[in-house]
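Undergrad: Provided below for reference: sequence and predicted model.
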Amino acid sequence: MKNKVTKAIFPVAGLGTRFLPATKSVPKEIMTLVDRPLIQYAIDEARAAGIKEFIFVTSRGKSALEDYFDHSPVLEEELERKGKTELLDVLKQTYMDSGAIAYIRQHKALGLGHAVWCARRLIGDEPFAVILPDDVIAAEKPCLQQMIEAFEESPASMVAAMEVPPEKASAYGVLDVKEDMGSVVSVKGMVEKPKPGTAPSNLAVIGRYVLQNSVMENLDQMKSGAGGEIQLTDAIADEITAGRPVHGFRFKGQRFDCGSKAGFLQATVSFGLGRPDLREELLNYLEDVMHIEHAAQ
């Protein structure tokens with residue numbers, strides 16, 4: 001069985017309706033967090049984890065996403081002419097080698113599991129990663145790298161997990177823990193969006209997965225789950241039913257839900273404060289705002 005993970009699926013077919021009207025013409029994944037689009041954070045994380053093949057599951061209206069990774073000769077020439085070498089280096093980080101990136105269309109919005117299944121022919125019989133660009137994770141060692149290292153030590157399908165307040169568990173897929181071994185937990189079940197008060201734990205699945213190919217075979221069954229959609233968590237739970245191990249992985253880092261406006265704003269502030277060139281000016285502004293708010297009360 002091959003355990004080297006070199007392929008990653010990026011499900012980016014969603015319409016981004018929570019960010020209308022911006023997403024009427026701009027794919028949500030291209031929206032910028034400080035000065036990089038969300039998708040660039042996901043790509044950088046995948047590259048750091050050793051991913052060589054990048055598979056995007058897209059839909060109509062995502063051409064700007066494809067253009068983003070293409071070469072830009074006119075812009076490159078202009079930056080070279082003006083001697084802006086630092087910006088040129090930044091630009092080149094957005095390029096993808098020919099053949100490294102593939103685009104698959106999801107023609108109907110049938111759920112995350114279906115989006116992943118759309119990439120089955122490009123995955124073949126190998127293990128693979130799934131990255132949801134909405135979940136941006138600030139970490140000293142990138143989250144997916146942490147997970148792939150753990151997967152190589154113990155090659156079971158693995159989901160990134162974090163503890164959430166019990167009252168918020170119903171918004172997530174939640175793990176039913178068999179054995180807690182610290183950063184890795186053995187899982188005996190998974191529940192997608194449990195009804196309030198019924199969650200088996202407060203350990204929620206977030207948008208990073210390292211999966212054995214048998215999960216793709218489970219998705220072939222096209223079983224309808226929560227919300228009438230084909231859920232990836234159901235296909236992972238089928239691994240447990242079949243007697244194959246599934247692990248949750250407590251990653252080290254801070255996750256931001258950039259699929260929500262509040263989460264996007266929080267990430268913008270946090271990443272802005274993390275930038276030496278922006279920190280002082282932004283911090284001064286935030287202190288002024290808090291002072292005005294406090295005075296108004």
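TA: It's in. Being a predicted model, the structure only gives us computed values, none of them experimental.
Undergrad: what's the neighbour count on the residue nearest to residue 11 when sequence neighbours are not counted?
TA: Leaving aside its sequence neighbours, residue 11 sits nearest to residue 115 (CB to CB, 6 or more residues apart in numbering; 3.9 Å). Quick note: C-beta positions are derived from backbone N, CA and C, even for glycine. By other CB atoms under 10 Å, 27 other residues sit near residue 115.
Undergrad: At the geometric centre of this structure, which residue do we find?
TA: Centroid check for the chain by CA atoms, centre = their mean gives residue 132 as the closest residue, at 2.4 Å.
Undergrad: Could you report the separation of it from residue 208?
TA: With distances taken as CB to CB, to the nearest Å, residue 132 is found 7 Å from residue 208.
Undergrad: what's the worst-scoring helix or strand of the chain on mean pLDDT in contact with?
TA: Lowest on mean pLDDT, DSSP states H and E among the helices and strands of the chain sits helix 63-68, with a mean of 77. Helix 63-68 has contacts (CB atoms under 8 Å, 6 or more residues apart in numbering) with 12, 26, 27, 29, 30, 37, 39, 56, 58, 94, 103.
Undergrad: let's see it at 6 Å
TA: 27, 29, 30 (CB atoms under 6 Å, 6 or more residues apart in numbering).
Undergrad: Specify which member of the residues you listed is nearest to residue 62.
TA: Nearest to residue 62 among the contacts of helix 63-68, counting by CB to CB, is residue 27 at 5.1 Å.
Undergrad: Any figure for the gap between the closest residue to residue 273 other than its chain neighbours and residue 48?
TA: Once flanking residues are discounted, residue 273 sits nearest to residue 279: 5.4 Å by CB to CB, 6+ apart. Note on residue 279: its distance to residue 48, by CB to CB, is 23 Å.
Undergrad: strand partners of the one helix or strand residue 206 maps to, parallel vs antiparallel please.
TA: Element membership for residue 206 (DSSP states H and E) is strand 203-211. Strand 203-211 sits in its sheet next to strand 128-131 (antiparallel), strand 157-163 (antiparallel), strand 173-180 (antiparallel), going by DSSP bridges.
Undergrad: Which SSE is immediately downstream of that strand?
TA: Assigned by DSSP H and E, the successor of strand 203-211 is helix 214-219.
Undergrad: What helices and strands are in contact with that next one?
TA: Under the contact criterion of 3 or more CB pairs under 6 Å, 6 or more residues apart in numbering; DSSP states H and E, helix 214-219 touches helix 232-241.
Undergrad: okay, the angle between the following helix or strand past the helix it packs on and strand 203-211?
TA: Per DSSP H and E, the first helix or strand lying C-terminal to helix 232-241 is strand 246-250. For strand 246-250 against strand 203-211, the angle by axes from the mean of the first three to the mean of the last three CA atoms, to 10 degrees is 120 degrees.
Undergrad: Quick check: neighbours of strand 246-250 in the sheet, parallel or antiparallel?
TA: Using DSSP bridges, strand 246-250 pairs in its sheet with strand 157-163 (parallel), strand 184-192 (antiparallel).
Undergrad: State the paired neighbours of the helix or strand that comes right after it in the sheet, together with their directions.
TA: The element immediately downstream of strand 246-250 (helix or strand, assigned by DSSP H and E) is strand 254-257. Taking DSSP bridges as the criterion, strand 254-257 forms sheet pairs with strand 135-138 (antiparallel).
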